[in-house]
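# Based on what follows, work out the 3D shape:
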Amino acid sequence: MLSLRMASSLNRCVQLQSGRKAVRSSFTSVPVPPLQRPPLKSLQSRNSRTLACQVATASDVGQGASHDLTNPHTPVLLSEVLAAFSPVNLQTYVDGTLGAAGHAQALLQQQPECKHFIGIDMDPVAHALAEQKLSVLSQSRFQIHLLQGNFGHMKALLQQLPGKTYKGGVDGVLLDLGISSMQVDQGDRGFSFSKEAPLDMRMGPGAAASAEQLLNTWSEAELGQIFREYGEERHWKGIASRVVRARQEGAIKTTTQLVALIGGQRRSKPGGGKQIHPATRVFQALRIAVNQELQMLEQAIPAAIECLAPQGRLAIISFHSLEDRIVKRAFLKAAGKGPAPSDVYGPYLQLVEEQATALVKLVNKKPITPGEAELRANPRSRSAKLRVVEKLSTSTGSPTKQE
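Presented below is the predicted three-dimensional model:
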């Protein structure tokens, strides 16, 4: 099992009313499991995650607030996300990947009926940026709750709010997966292979191990497996071997050291298209492993569906085939279209239980992708895919086939 300990994740609730900020905090602490390596036959995740939360002070969240607030991140598929939620009476909205609040800001402007906004993100810098944007927008029109943690722990985080928000009280949930441009552009985080930086790659303070620790402690077989399965890297075996040999001479500490070990020339994507840097897939694999991205996604989908009110919608933007495969199959299962097939990386589709009837309907049967104008304006959006489902009313029965 690939399980990176979620240690001492922070939680912060902020209410903005009448232009004044009142801070309400809660403290929850439960034991967290030790860091474990992946078994060599399967990277199958488990649903035995625990969560540790502690109060974050204003200074905690404010760290990094000196970053450019004018345009730190361009939200992907923005008009398509707005269209997906436009039919919804969006009284309570959860952005599970808050980031710099680009999607949130636009949605809250479009949906004036919103009374409660809940933003979840692991990154303290994201909280600082989002708070400044949304506090100006709110002006007592809606309450803002900022929760620091991983969206995979959505239900546990929402349980800390008043009422039964976590149980059928949410009208819309958005997950914009992967890494943000803001994080890539912060050179000291180690996400970019084009900048000299420590090999960190942690999206927030909750991740137990950095990319440097993984590279210098995991076995050749373990590293090869995450390069192969999380990065879909064809040369996984040789890269893992070079890493292990190199660290015998000294620890691998920086992005440039790792890029030099990977070597190679730019490669074409499967099926053609724009060539990618040879380090792209290895960096992706390490980032996914460090932050448990696929396991968190697996946990988040059933939790988000459970949180939705009837006619509420869940929209997920994915950026690579591993994520999209999980989202597609989980949505099909929740829509009552049969059990998840066993060949989907074995692993990541563990909804709470088999559904005899559908819980949701598919809003779009095929993923929505960026148009030509967006691709020209924001080339980083090229791999984005948006899928949306709508919660069915429990009183209608749920046919296993939708029109």
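
# what does the average pLDDT come to for stretch 361-372?
Stretch 361-372 comes out with an average pLDDT of 96.

# what about that stretch, start to end distance?
28 Å (Cα to Cα, to the nearest Å).

# Leaving out chain neighbours, which residue sits closest to E232?
Leaving aside its chain neighbours, E232 sits nearest to R281 (6.1 Å; criterion: Cβ to Cβ, 6 or more residues apart in numbering). Heads up, the C-betas are built off the backbone N, CA and C, glycines and all.

# would that neighbour count as being in a helix?
Yes - assessed by DSSP: H, G, I helix; E, B strand; the rest coil, R281 belongs to a helix.

# secondary structure class for Y93?
Per three-state DSSP, Y93 ends up strand.

# What mean pLDDT does stretch 120-133 get?
87.

# Can I get it in CSV? Just the C-alpha atoms.
Only the C-alpha atoms of stretch 120-133 are listed here, as CSV (Å, rounded to 0.1, in the frame of the first residue of the first chain):
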residue,chain,number,x,y,z
ILE,A,120,-10.5,23.2,1.1
ASP,A,121,-6.8,23.3,0.3
MET,A,122,-3.6,21.8,1.8
ASP,A,123,-1.5,24.9,0.8
PRO,A,124,-1.2,27.8,3.3
VAL,A,125,-0.2,30.1,0.5
ALA,A,126,-3.4,29.3,-1.4
HIS,A,127,-5.5,30.1,1.7
ALA,A,128,-3.8,33.5,2.0
LEU,A,129,-4.4,34.4,-1.6
ALA,A,130,-8.0,33.1,-1.6
GLU,A,131,-9.0,34.9,1.6
GLN,A,132,-8.0,38.3,0.2
LYS,A,133,-10.0,37.7,-3.0
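
# roughly how far is it from the heart of the chain?
14 Å (Cα atoms, centre = their mean, to the nearest Å).

# Now do the same contact list for V170.
Counting by Cβ atoms under 8 Å, 6 or more residues apart in numbering, V170 touches 92-94, 118, 158, 304, 307-309, 312.

# In terms of distance to Q148, which of these ranks first?
I118 (12.0 Å; Cβ to Cβ).

# and that closest one, what helix or strand is that in?
strand 116-121 (DSSP states H and E).

# Would you quantify the distance from H320 to G250?
If you measure H320 against G250 using Cβ to Cβ, to the nearest Å, the figure is 32 Å.

# Compare those two (neighbour count), which wins?
Neighbours were counted for H320 and for G250 using other Cβ atoms under 10 Å; H320 has more, 19 against 9.

# By neighbour count, which of the contacts of V170 wins?
Counting neighbours by other Cβ under 10 Å, V94 leads the contacts of V170 with 31 neighbours.

# Identify the bridge partners of that one.
I118, V173 (DSSP bridges).

# my guess is it meets C307, correct?
Yes - with contacts counted by Cβ atoms under 8 Å, V94 reaches C307, the gap being 7.1 Å.
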